[in-house]
Structures are given as C-alpha cells and as structure tokens.
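Novice: need a 3D model of the sequence below.
(chains A and B)
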2 protein chains.
Amino acid sequence: MPERSPKVPIPSLNRLPLYYRYLLEAREQRLVVVSSEMLGDAAGVPAAQVRKDLGYLGEFGRPGIGYDVMEMQKRLAEQLGLSTQKDVIVVGAGRLGSAISAYRGFATYSMRIAALFDSDRSKIGTRVGGLEVLDVAEVGCFVQERGIQMAILAVPASMAQQVADALSQAGIAAILNFAPVKLDLPSSVVVSNEDLAARLATLSFRMIHRQE
Amino acid sequence: MPERSPKVPIPSLNRLPLYYRYLLEAREQRLVVVSSEMLGDAAGVPAAQVRKDLGYLGEFGRPGIGYDVMEMQKRLAEQLGLSTQKDVIVVGAGRLGSAISAYRGFATYSMRIAALFDSDRSKIGTRVGGLEVLDVAEVGCFVQERGIQMAILAVPASMAQQVADALSQAGIAAILNFAPVKLDLPSSVVVSNEDLAARLATLSFRMIHRQE
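Specialist: Got it, this is the predicted structure:
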C-alpha cells in the first residue's frame, strides 16, 4: 500500500483511470513520452487540468518535455491499486449483474470478476459469461478464503442492505452499489452508489444548461 | 427552458438528483419544511455542503427554518428538466441494454424508457421488460417523430460511433454512453461516459487511500 495518501477531488479522481488507460495504449505504441495535451484529449479536459490532476499524486511531468510513459503508468497503477491483479465479486445474477459479469473492460485495469452469486435456486449452478452462479450463502467463506476486497452489488433494493452487511462482515472493503438504496455500513467500507436514473437526471441538467 | 444557466461543479450536480428524490419522499410524508441536515443525510454530505450545492441554483433556504419542500422540489424539477415526463431511448438490447430497459428507477425522475433498439435480426420483435425491440434502422425517424432528446447507448465499442452519429443527426441532444469509447460528436451533444471498469478503478483508489 502506498504511504502517501493524497486527497484528490472526485472529478480529478474520476479521470485517473482514463489517463491510466491512455498510458497503457501509449506503451503498446512504444511511446516514451506523452504531453499533457495528449492526456487531456484522452480525458476530454484541457492540458492545464491534466497537470493539476496528476499534480495531486506528486511531481512528474517535465515542462517542455512531458510525462515519461512507463514511470507515469507505473505510478498510476500503484495509486489505483492495480499493480497486481484484483479479484472482484458480483452479487446478483439478474440482467444487470449478468451484464457486468460478462463485461470485458475490467482487464484493462487488471481487474477480474472472480465469481457471481445469487440466492435464486433456479440460477445457482447455471453459467453466465464463463462464470458459474454460486449460492450467495457461500459468499462470506469465498471472500475470506480468497481475500477479496471489492464487490459489485446488483441485487434488488429490498435485499441490498442484508447482502451488504454480509459482505462487510466477510471483510469486503469497497462496494460498487447499483441498488437504489443508501447502504448503512461501517465507515471502513468505501461505497460508490451507481444510480442509473440519477445519472440520467444529471445528464438532463447538463443538456438543458449546456454544461460541459 | 429555465433562463438561468448556473455553472454547477460536477460533484454538486451529481447530488441534485439525490436531493430531488429526498424532497419527493418528504412530500409524500406531507413534510412542509426540511433542514439542510436532513438533505445532507440523504446525500451523504454535511449540511454546509447542501447549502452550497443548492446555493448554485439561487436563494432558497431560510436560516433557522429550512427549505420549503414544495418550492424546492418544483425548483429542482425545473433545473433538472423533470417538470414534464421525458422519454428516453435505449440502443443496444444485449445484457446491459436489457437491464437498463427493465430498470424501474427512472419513474422517480419523471423519465420513461420509450423504446429499445438493436440491429440483431434475432432480437428485433422480441420483448424485453415490456418493450418490443425495434430495428435500429428506424431510430432516426422514431427520435424525430417523438421529439426524443436523450438516448442511452449500450452497444459494443465497435458500433458506438456509428450509432452515436445517427442519433446526433436525428436530433438527440444528450447521450449516456456505456460503450468504452470516446465519442466524437458535435459540441451541441452532451455526453456522459459511463465506464464501469473505470468506476471500479476509482473505487479501488478510494479504498486504498480510504478517501470519502
């Protein structure tokens, strides 16, 4: 775990994975140095914002030269916790949970869906996107045995708190929550609420006010 | 369309739908006034942040009294463009598009999935969550006839730009994009990129650095 604990504003934080993805591509193309303009294009922000965002993580770019691709990619991987592969579990094998489990974009960030859980007897034992659906009753043991830290919650609102409690007790430290419910968990668990309808409402505001 | 065009920071903007949802609940419970503390609890931020967030939209709360529920809810509905029902379309009837189409949370924000489109002959004509899957070749006419402004893009990365071009030409003004691709569109179209893997990477950063 890195010693530094930078306090990064959320919008800057949301751009770090985009810079990281761009740096991976740059490495594949054997680029040695990239400019803040190039990184800005990838994330849809001006070069000055890139310098500000990356500045939260320390001193990197050299004025007039740019960012060393390998150094920057390695540093971002460390900060994002992606230096080694991370196993993540999905709870809820409905449409959304199945869609997430079959999604191929996680590998970019060295993440892998390790297992998919549900409580529905008719789903347990079936296969979704190469994964067998496991009984949610076993989720605690699975998490503890494998040392899993992150979970994606795609269960109905009525089930969310109960499942989240079980995950938290098993040692899950971060939950991406798609259930439209505010979870009540110990402050040691980091939760990101992903409310699709709220995202659409936010987009509506930006559309009406034409805000970038 | 409201005349005022407030410039609201993204994190504040992302909380407006949460305040709105809380105010709807407060109306149902026949509350007349709510405090910034109550709104803060609903959005997971301190009362001072609520006052700052809502301050971007004008003067509302009265010190020591609170926010008038009906006035505030009406005002937020206006600002979020939710005063009248908004029809939204989904393009892509795969797992994710189907999950989104069947999602029941949109009604809270006066939004409705009006239609679901795909290019796959084997999907066109089938039903998903009460909607018939329509041929994506008809999406332009549908959008123009119904005056649809917002679309959710849940197609594979390789198809995303082409579909987005068609939507933009048909008059779509806002796209919630789930394809892991940066869309190249006229600046008149507002795009929100929803990258699940990047969200997970951001959550990983917050977990490692225990950042709220």
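
Novice: contacts, neighbours, all on C-alpha from now
Specialist: Noted.

Novice: now do the strands in chain A.
Specialist: A:33-34, A:67-68, A:86-91, A:111-118, A:127-128, A:131-135, A:150-153, A:174-177, A:190-193 (DSSP state E).

Novice: most tightly packed of these?
Specialist: Of the strands of chain A, the one with the most neighbours on average (mean count of other CA atoms under 10 Å in any protein chain shown) is strand A:150-153, at a mean of 26.

Novice: who does that one pair up with?
Specialist: strand A:86-91 (parallel), strand A:174-177 (parallel) (DSSP bridges).

Novice: ok now that strand, how far from the chain's centre?
Specialist: 10 Å (CA atoms, centre = their mean, to the nearest Å).

Novice: now do stretch A:125-140
Specialist: Distance, centroid of stretch A:125-140 to centroid of chain: 21 Å (CA atoms, centre = their mean).

Novice: any chance of the strands of chain A in a markdown table, plus mean pLDDT?
Specialist: Below are these laid out as a markdown table (pLDDT from 0 to 100):
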| stretch | mean pLDDT |
| --- | --- |
| strand A:33-34 | 94 |
| strand A:67-68 | 93 |
| strand A:86-91 | 96 |
| strand A:111-118 | 96 |
| strand A:127-128 | 92 |
| strand A:131-135 | 96 |
| strand A:150-153 | 98 |
| strand A:174-177 | 97 |
| strand A:190-193 | 92 |
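
Novice: how is chain A divided into domains?
Specialist: A:10-79, A:86-198 (automatic domain parsing).

Novice: highest average neighbour count across those domains?
Specialist: Scoring these by mean neighbour count under mean count of other CA under 10 Å gives domain A:86-198 as the most buried, with a mean of 19.

Novice: quick one on the thing from earlier: just send the domains of chain A back as TSV, with distance to residue B:156 too.
Specialist: Formatted as TSV, the domains of chain A follow (distance: least, CA to CA, whole Å):
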stretch	distance to residue B:156
domain A:10-79	18
domain A:86-198	10
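
Novice: of those domains, which is nearest residue B:65?
Specialist: Closest to residue B:65 of these is domain A:86-198 (CA to CA; 26.0 Å).

Novice: ok, of the domains of chain A, where does mean pLDDT dip lowest?
Specialist: Note on those: lowest mean pLDDT is at domain A:10-79, with a mean of 90.

Novice: next one: that domain to chain centre, how far?
Specialist: Taking CA atoms, centre = their mean, the mean C-alpha location of domain A:10-79 is offset from the chain mean by 18 Å.

Novice: repeat that for stretch A:76-95.
Specialist: For stretch A:76-95, the distance to the chain centre is 6 Å (CA atoms, centre = their mean).

Novice: next, residue A:185: phi, psi?
Specialist: phi -130, psi 160 (degrees, to the nearest 10).

Novice: touching, it and residue A:163? I think so.
Specialist: No: at 11.1 Å, residue A:185 and residue A:163 do not qualify as touching, with contact defined as CA atoms under 8 Å.

Novice: geometric centre of chain A: which residue is closest?
Specialist: residue A:176 (7.7 Å; CA atoms, centre = their mean).

Novice: where's the residue lying farthest from the centre of chain A relative to chain B, distance?
Specialist: When each C-alpha in chain A is compared with the mean C-alpha position (CA atoms, centre = their mean), residue A:64 comes out farthest, at 32.5 Å. Going from residue A:64 to chain B by CA to the nearest CA, to the nearest Å gives 27 Å.

Novice: thanks again, I'm all set now.
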